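[1] Here's a sequence, model it:
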Amino acid sequence: MSHIILILVCSTSTPDSIPGSSHFQQQLYKKQIAVNGLLSVGLIATAGIYWEKGNNAYDRYQNSATTTDALHYWEQMEKYDRIRNVCALGALFFIGRTIYYYAKLMDSNRTVGSLPSLDLQYTHTGTISFGLTKRF
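    Now for the predicted structure:
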């Protein structure tokens, strides 16, 4: 499950310093808001489904008559709880990304930016520069 979230993060990541017009930047930010918002809603729903499955497995564990059934339902409950936790963390991550891109969208209309952004650039001296940039 964590591999899926990593793939989704890499597929939806865009650089903060997007060259081009303000309209182009706003379109990219709106796309990121929609994609990250949908991913967070989907992960919240999935976490809710696995929360319910974990509760049902725990109820079956408590009502099991044999030791093998009890062990089976306990392992099932632990598996569902792990999946639920990964989905909940993924949902929090994508909610944070949604809020970040919404703030970037609101900041793109201003002449003076209020949000710092990460920038990775190759310099002419053969080195890579990484740092925070702020628009003045």
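[2] In the protein, where is pLDDT below threshold?
    The model of the chain has pLDDT under 70 over residues 1-21, 110-136.
[3] Wasn't Ser64 part of a strand?
    No. Applying DSSP: H, G, I helix; E, B strand; the rest coil, one finds Ser64 to be coil, outside a strand.
[4] Name all residues that make contact with it.
    Contact analysis of Ser64 by CB atoms under 8 Å, 6 or more residues apart in numbering lists Ala70, Tyr73. Just so you know, the C-beta spots here come from the backbone N, C-alpha and C atoms, and that holds for glycine as well.
[5] Quick check on it: phi, psi?
    With angles defined as degrees, to the nearest 10, Ser64 sits at phi -70, psi 150.
[6] Next one: it from Leu71, what distance?
    Distance, Ser64 to Leu71, using CB to CB, to the nearest Å: 9 Å.
[7] do Glu78 as well
    11 Å.
[8] try Asp59
    Using CB to CB, we find Asp59 at a distance of 16 Å from Leu71.
[9] Enumerate the positions of stretch 30-50 that are buried.
    Gln32, Ile33, Val35, Asn36, Gly37, Leu39, Ser40, Leu43, Ile44, Thr46, Ala47, Tyr50 (16 or more other CB atoms under 10 Å).
[10] quick one: which of those residues sit in strands?
    Using DSSP state E to define strands, no part of the buried residues of stretch 30-50 is located there.
[11] would JSON lines of the residues you listed with distance to Ile95 be doable?
    Converted to JSON lines, the buried residues of stretch 30-50 look like this (distance: CB to CB, whole Å):
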{"residue": "Gln32", "distance to Ile95": "13"}
{"residue": "Ile33", "distance to Ile95": "11"}
{"residue": "Val35", "distance to Ile95": "13"}
{"residue": "Asn36", "distance to Ile95": "8"}
{"residue": "Gly37", "distance to Ile95": "8"}
{"residue": "Leu39", "distance to Ile95": "9"}
{"residue": "Ser40", "distance to Ile95": "5"}
{"residue": "Leu43", "distance to Ile95": "9"}
{"residue": "Ile44", "distance to Ile95": "8"}
{"residue": "Thr46", "distance to Ile95": "14"}
{"residue": "Ala47", "distance to Ile95": "12"}
{"residue": "Tyr50", "distance to Ile95": "18"}
